[in-house]
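**Student:** Just need the structure, nothing else, for what follows:
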Amino acid sequence: MSYKIAVCSGKGGTGKTTVAVNLFSTIQTKWTKNVQLIDCDVEEPNDLLFFKDAKVINRSIVNQPVPVIDESKCTFCRNCEDFCEFNAISIIPSVKYATIDPNMCHSCGACMHACKYNAIKEKNHAIGELTEYTNRNETDIIEGSLKIGSPLQTRVIKDLKKKANENIGIQIFDAPPGTSCPVVETVSEADYIILVTEPTPFGLYDLRLTVDLMNEMNKPFGIVVNKAGLGDREVYNYISEENIDLLAEIPFNRDYASQYAKGKLLANVPPIIEQEYLKLAIYLKNRMKYD
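**Tutor:** Below you'll find the model as predicted:
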């Protein structure tokens, strides 16, 4: 069984991906190659931008079963339309028109239950893609990508998690930003959560929301402060007041930020930053002994 670590943030732009890919790289180079990175930010996956040598070894389609109306059997009674909570069904009896929008359908099956004439069947509809990469002669990285226009991030994330190799010792899940359903799905089976924040009012506000979510889900977690040295001390005051573990402080470094913008995040890491990631990896290694 793998030890699952999810990297989350209450808002975009805090450095969640920075932490996820650096932690993955640090563990691979300083600890063990028996680690896997899973990019669950399926609306905008970008972990692969920082692994130029990664090679595709497998691709698969994520399908969603979507109902289809057989107009030869349909009486246009609109019963299925009334049952649909997502407004995915449009029925116009006067012109004998019936259709289901696959981009709005959530595959709940209510319409098939509602239809008394056996006029609705399901067919597969592609909503995303899963791609497996090798970075160091292993299946190191898996990426989920949602089809543009589809609202079903959680479905893609569920299939992505199934792809993850349970025989690999450590799995790092790069979660979507925020606190909505895709985040809940990503962290639902995680053994430990790393919350990434920044020392700004916006960072603190969203951190509070994420901490509330972790507490509600009864998940163990600690905090990494990214861009340390900017902003104010309110985030640190909150961490101290709530007695939350401060796992690492990644100092703001203009040159390092420039490397990020060029997709060279893992090249020439400043020693002071490298030490913080090593400290984080050691903390996790020690924690795994007791979890």
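**Student:** Each with direction, which strands does whatever helix or strand residue 5 lives in pair with?
**Tutor:** With secondary structure defined by DSSP states H and E, residue 5 is part of strand 3-8. As defined by DSSP bridges, the strand partners of strand 3-8 come to strand 170-174 (parallel), strand 192-197 (parallel).
**Student:** tilt between the next helix or strand after it and strand 192-197?
**Tutor:** Next in sequence after strand 3-8, counting helices and strands by DSSP H and E, comes helix 16-30. Orientation check (axes from the mean of the first three to the mean of the last three Cα atoms, to 10 degrees): helix 16-30 against strand 192-197 gives 130 degrees.
**Student:** So which bits of helix 16-30 are buried?
**Tutor:** Applying a neighbour-count criterion of 16 or more other Cβ atoms under 10 Å, one finds 16-28 buried in helix 16-30. Glycine gets a C-beta too; all of them are placed from N, C-alpha and C.
**Student:** That helix packs against which elements?
**Tutor:** Where contact means 3 or more Cβ pairs under 8 Å, 6 or more residues apart in numbering; DSSP states H and E, helix 16-30 is packed against strand 3-8, strand 35-39, strand 170-174, strand 192-197, strand 221-228, helix 271-288.
**Student:** could I get it in PDB with only the CA atoms?
**Tutor:** What follows is helix 16-30, C-alpha atoms only, in PDB (Å, rounded to 0.1, in the frame of the first residue of the first chain):
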ATOM      1  CA  LYS A  16       0.900  24.500  -4.700                       C
ATOM      2  CA  THR A  17       2.400  23.100  -7.800                       C
ATOM      3  CA  THR A  18       5.800  24.500  -6.900                       C
ATOM      4  CA  VAL A  19       5.700  22.600  -3.700                       C
ATOM      5  CA  ALA A  20       4.300  19.400  -5.200                       C
ATOM      6  CA  VAL A  21       6.900  19.000  -8.000                       C
ATOM      7  CA  ASN A  22       9.900  20.100  -5.800                       C
ATOM      8  CA  LEU A  23       8.800  17.700  -3.100                       C
ATOM      9  CA  PHE A  24       8.600  14.900  -5.700                       C
ATOM     10  CA  SER A  25      12.000  15.700  -7.100                       C
ATOM     11  CA  THR A  26      13.600  16.000  -3.600                       C
ATOM     12  CA  ILE A  27      12.200  12.600  -2.500                       C
ATOM     13  CA  GLN A  28      13.400  11.000  -5.800                       C
ATOM     14  CA  THR A  29      16.900  12.400  -5.500                       C
ATOM     15  CA  LYS A  30      17.500  12.400  -1.800                       C
END
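**Student:** Off-centre distance for that helix?
**Tutor:** When C-alpha coordinates are averaged (Cα atoms, centre = their mean, to the nearest Å), helix 16-30 and its chain have centres 16 Å apart.
**Student:** what about it, average pLDDT?
**Tutor:** Helix 16-30 shows an average pLDDT of 91 in the prediction.
**Student:** contact partners of it?
**Tutor:** In this structure, residues lying in contact with helix 16-30 by Cβ atoms under 8 Å, 6 or more residues apart in numbering are 5, 7-9, 35, 37, 41, 46-47, 50-51, 136, 140, 170, 172, 174-175, 177, 194, 196, 224, 226, 250, 260, 265-266, 269, 273-274, 277-278, 280-281, 284.
**Student:** Then stretch 197-205?
**Tutor:** For stretch 197-205, the external contacting residues (Cβ under 8 Å, 6+ apart) are 9-11, 13-15, 206-207, 223-236, 238.
**Student:** How about stretch 154-166?
**Tutor:** 1-2, 36, 38, 40, 42, 60, 62, 64, 107, 127-128, 130, 132, 139, 142, 144-146, 171, 173, 181-182, 185-186, 189.
**Student:** And the helices in this structure, which stretches?
**Tutor:** Remark: helices of the chain, listed N- to C-terminal, are 16-30, 79-83, 110-114, 153-163, 181-187, 201-216, 234-241, 254-261, 271-288; assignment by DSSP state H.
**Student:** what's the longest one packed up against?
**Tutor:** Pointing back at helix 271-288 there. Judged by 3+ Cβ pairs under 8 Å, 6+ apart, helix 271-288 is in contact with helix 16-30, strand 192-197, strand 246-251.
**Student:** Buried residues, the helix or strand of the chain with the lowest mean pLDDT. List them.
**Tutor:** Among the helical and strand segments of the chain, the one scoring lowest on mean pLDDT, DSSP states H and E is helix 254-261, with a mean of 79. Neighbour-count burial for helix 254-261 flags 256, 259-260 (criterion: 16+ other Cβ under 10 Å).
**Student:** And residue 284, what's its pLDDT?
**Tutor:** Looking at residue 284 specifically, the model assigns a pLDDT of 94.
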